[in-house]
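>>> Give me coordinates for this.
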Amino acid sequence: MQLSLFQWDLIAVGKGYNSLARLDFDDARSRFSGVLRDLPNHPEAGRGMRDLQYWERVFCNMAGHEADSDLRFMWERINGFCFGNSESYRILRLNLLNNLLTLMEGRPAFYAPPDLCCGYLHLQLGNYAAAETHLRAVLGSLPENGRLHAYLADALWMQGRAEIAGAAYAKALLLAPQEVAVEVMRNRLLAAVIGEYGPVLAPIYGFLEGLLPLVEQETPPVTREARVYELLRQAEQARRLGNHQAMVTARRGLKNLAPEILQDYLDWLGAGTLERLHA
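Alright, predicted model coming up:
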């Protein structure tokens, strides 16, 4: 049975997009051109041809650049491209990320703010153990980068290591709360807490919501919120250790600095007591 023109053009365009997704530009051009010869105004074939030409220019313009420029150039073009929702666009993006990762071979410490490094690319590709390894390597020289700590937490979270991930999320939010990329955070419950209370208070309310541990800050707290967090940590640690005087001292400090957070903490304690009574 002969295919109708409509069926033929869909099949040809689909094969063109599949070739583009594999970065096989010659075959993609052949498929799209074949449709456009018979149907010059075909919208999907036209878009496919424009996408093909865009990525051909990207790869052509990379020739002769210095290595750092190549990496940044490719990353900017990936981020600036409007990928569709189809499977072929998903595969195209993954292949472009893999191509960029190949360009970065032998440069595990390369980092171009805010996101470009091997660890983040592995995170995007779903290689979570490799993402953890590479992010830790970059953080060795950038220990105060909150954004990268949050990506490390994402990599840990996606490996099912929730407890360690929680500590990494808390560290990221304490170090540089405004740098954390909440919109792509893999722990969506924590992202919701950040959306409700803001990134600065998220370490406190993340703890009260049972999502984050209370971690010791590596540098003395400077901001009001960081001091509040430290007093909360001291109060909770003293309570767990049964150190009544230290607990009272920390709670008094909380009352003076942030009475509303002390009240939320006491309400949290009361709710926990009620749960234990009814268990």
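>>> For the rest of this, base every contact and every neighbour count on C-alpha atoms.
Fine.
>>> give me every residue that touches residue 248.
Residues in contact with residue 248 (Cα atoms under 8 Å, 6 or more residues apart in numbering) are residue 235.
>>> What's the separation between it and residue 91?
Counting by Cα to Cα, to the nearest Å, the gap from residue 248 to residue 91 is 58 Å.
>>> Please apply the same query to residue 15.
Separation of residue 15 from residue 91 (Cα to Cα): 13 Å.
>>> Would you map the helices across the stretch 1-150 of the chain?
Along the stretch 1-150 of the chain, counting by DSSP state H, counting those that start in this stretch, helices occupy 5-21, 25-38, 43-62, 67-80, 87-103, 118-125, 128-139, 146-158.
>>> now the ones you listed in CSV, with mean neighbour count and distance to residue 268?
Converted to CSV, those look like this (neighbours: other Cα atoms under 10 Å; distance: least, Cα to Cα, whole Å):
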stretch, mean neighbour count, distance to residue 268
helix 5-21, 19, 51
helix 25-38, 18, 59
helix 43-62, 16, 54
helix 67-80, 15, 42
helix 87-103, 17, 44
helix 118-125, 22, 35
helix 128-139, 20, 33
helix 146-158, 26, 25
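>>> pLDDT below threshold where in the protein?
1-6, 63-66, 272-279 (pLDDT under 70).
>>> at 90 what do you get?
Applying pLDDT under 90 to the chain picks out residues 1-8, 10, 61-70, 103, 105-109, 218-219, 222, 271-279.
>>> Figure out the helix or strand that the residue lying closest to residue 208 once chain neighbours are set aside lives in.
Distances taken as Cα to Cα, 6 or more residues apart in numbering put residue 268 closest to residue 208, at 6.7 Å, once the chain neighbours are dropped. Residue 268 is located in helix 259-277, with elements delineated by DSSP states H and E.
>>> Off-centre distance for stretch 93-111?
17 Å (Cα atoms, centre = their mean, to the nearest Å).
>>> now swap in stretch 223-238 and tell me
Relative to its parent chain, stretch 223-238 has a centroid offset of 27 Å by Cα atoms, centre = their mean.
>>> Contact partners for residue 52?
By Cα under 8 Å, 6+ apart, the contact set of residue 52 is 20, 25, 28-29.
>>> Let's see that with 10 Å instead.
16-17, 19-21, 23-26, 28-29, 32, 46, 58 (Cα atoms under 10 Å, 6 or more residues apart in numbering).
>>> closest to residue 156 among the residues you listed?
Closest approach to residue 156 among the contacts of residue 52 (Cα to Cα): residue 21, at 29.5 Å.
>>> Roughly how far does that closest one sit from residue 98?
From residue 21 to residue 98 the distance is 12 Å (Cα to Cα).
>>> what does residue 214 give?
Separation of residue 214 from residue 98 (Cα to Cα): 37 Å.
>>> Likewise for residue 128?
Noted for residue 128: a distance of 14 Å to residue 98, by Cα to Cα.
>>> tell me the SS of residue 214?
Here residue 214 takes the coil state, with states given by DSSP: H, G, I helix; E, B strand; the rest coil.
>>> List phi and psi for it.
Here is the backbone geometry of residue 214 (degrees, to the nearest 10): phi -90, psi 120.
>>> again with residue 140
The phi/psi pair for residue 140 (degrees, to the nearest 10) is phi -60, psi -30.
>>> mind listing what it touches?
Residue 140 makes contact with 109, 134, according to Cα under 10 Å, 6+ apart.
>>> which residue sits closest to residue 44 in space, ignoring its chain neighbours?
Using Cα to Cα, 6+ apart and skipping residues adjacent in sequence, the residue nearest residue 44 is residue 13, 7.0 Å away.
>>> Wait, that neighbour touches residue 88, no?
No. Between residue 13 and residue 88 there is no contact under Cα atoms under 10 Å: 11.2 Å.
>>> residues shared between the contacts of the two?
residue 19.
>>> Residue 210 belongs to a strand?
No. Counting by three-state DSSP, one finds residue 210 to be coil, located in no strand.
>>> Tell me which helix or strand residue 232 sits in.
Short version, using DSSP H and E: residue 232 is in helix 224-241.
>>> In that helix, which residues are buried?
225-238 (16 or more other Cα atoms under 10 Å).
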